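Colleague: Here is a sequence with its predicted model. Questions after.
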Amino acid sequence: MSGPLIVGIGGTPRAGSATERALILALRQAEAGGARTRLFSGEFLERLPHFNPGPAGPSAEQAELAQAVRDADGIILATPGYHGSLSGVVKNALDTLELTSRDERPYFHGLPVGVIVTAAGPQAGGATLMAVRGIIHAMRGWPTPYGAALSAANLFDASGECLETRDAGQIATVADQVMEFAQMRRAQLQGADR
Ligand SMILES: Cc1cc2nc3c(=O)[nH]c(=O)nc-3n(C[C@H](O)[C@H](O)[C@H](O)COP(=O)(O)O)c2cc1C
């Protein structure tokens, strides 16, 4: 049987985004645990139109994001702290998931959702983490117990690896907890099918 699908959503459209790099490392950690992964980076998220709840159908990108979340066994969100909260680009991606609102499993229902925040300072890191967790609750997801709040400056070396082992550990712990829940949930659903 194939591994759980972990969908990463986040980063900034900025070339060299530290948030995106942290998300890629988290997805790589999930892959090491047997996951299949899919990344929706800042460059993709920037192409999403502002979500309009009117009757017009979704754009190709909006539909692609919604379908990936439908298929997912776990989610990892990564956002910069912008003015004390998540970025507009990431919030718009989350609003876009309103497209799943009438599904049998809407939004993040039944899914573990890990959160990674990068910010210049610790105040925005903590506040943004709490804001994103509030959104996950609103979207019926299960925020992982551990969330990573990273200082954006001097996070990575030239090869894109974490300079500090504690930062690498934060990113890995988020990925590991998403995987742990996703595998428990899969086992539970398979047991219910027997
Ligand atoms: C519009 C904007 C608002 C920001 N607001 C804050 C803030 O309130 N607190 C903070 O610590 N850092 C703030 N920052 C710094 C960002 O959090 C930091 O640049 C970001 O984590 C870098 O992400 P990236 O490398 O993925 O682009 C802000 C940056 C921008 C561009």
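Modeller: Yes, it's here.
Colleague: where's the nearest residue to residue 103 once chain neighbours are set aside relative to the ligand, distance?
Modeller: Ranked by C-beta to C-beta, 6 or more residues apart in numbering and with sequence neighbours excluded, the top spatial neighbour of residue 103 is residue 70, at 6.5 Å. No exception for glycine: its C-beta is placed from N, CA and C like everyone else's. To the ligand, residue 70 is 27 Å away according to C-beta to the nearest ligand atom, to the nearest Å.
Colleague: can you list the residues of the protein near the ligand?
Modeller: 11-12, 14, 17-20, 80-84, 118-121, 124, 152 (C-beta under 6 Å from any ligand atom).
Colleague: what's the following helix or strand after the helix or strand where the residue nearest to residue 103 lies?
Modeller: Secondary structure from DSSP states H and E places residue 70 in helix 60-71. Using DSSP H and E, the helix or strand that directly follows helix 60-71 along the chain is strand 74-80.
Colleague: tell me the angle that following strand makes with helix 60-71.
Modeller: For strand 74-80 against helix 60-71, the angle by axes from the mean of the first three to the mean of the last three C-alpha atoms, to 10 degrees is 130 degrees.
Colleague: beta partners for the most centrally placed residue in the chain?
Modeller: In the chain, the C-alpha nearest the mean C-alpha coordinate belongs to residue 77, at 1.9 Å (C-alpha atoms, centre = their mean). Here residue 77 sits in beta bridges with residue 9, residue 115, going by DSSP bridges.
Colleague: buried sites along the helix or strand of the chain with the lowest mean pLDDT?
Modeller: Here the helix or strand of the chain ranked lowest by mean pLDDT, DSSP states H and E is helix 165-193, holding a mean of 94. Neighbour-count burial for helix 165-193 flags 167-168, 170-179, 181-183, 185 (criterion: 16 or more other C-beta atoms under 10 Å).
Colleague: now that helix, how far from the centre of its chain.
Modeller: 13 Å (C-alpha atoms, centre = their mean, to the nearest Å).
Colleague: likewise stretch 36-49?
Modeller: Worked out by C-alpha atoms, centre = their mean, stretch 36-49 lies 10 Å from the chain centre.
Colleague: go on, stretch 31-41?
Modeller: Using C-alpha atoms, centre = their mean, the offset of stretch 31-41 from its chain centre is 11 Å.
Colleague: for stretch 77-94, same thing?
Modeller: 11 Å.
Colleague: Start and end of that stretch, how far apart?
Modeller: 10 Å (C-alpha to C-alpha, to the nearest Å).
Colleague: on that earlier part again, next, the buried residues of the helix holding residue 70.
Modeller: 61, 62, 65, 66, 68, 69.
Colleague: So which elements touch it?
Modeller: Contacts defined by 3 or more C-beta pairs under 8 Å, 6 or more residues apart in numbering; DSSP states H and E place helix 60-71 against strand 5-10, strand 36-40, helix 88-96.
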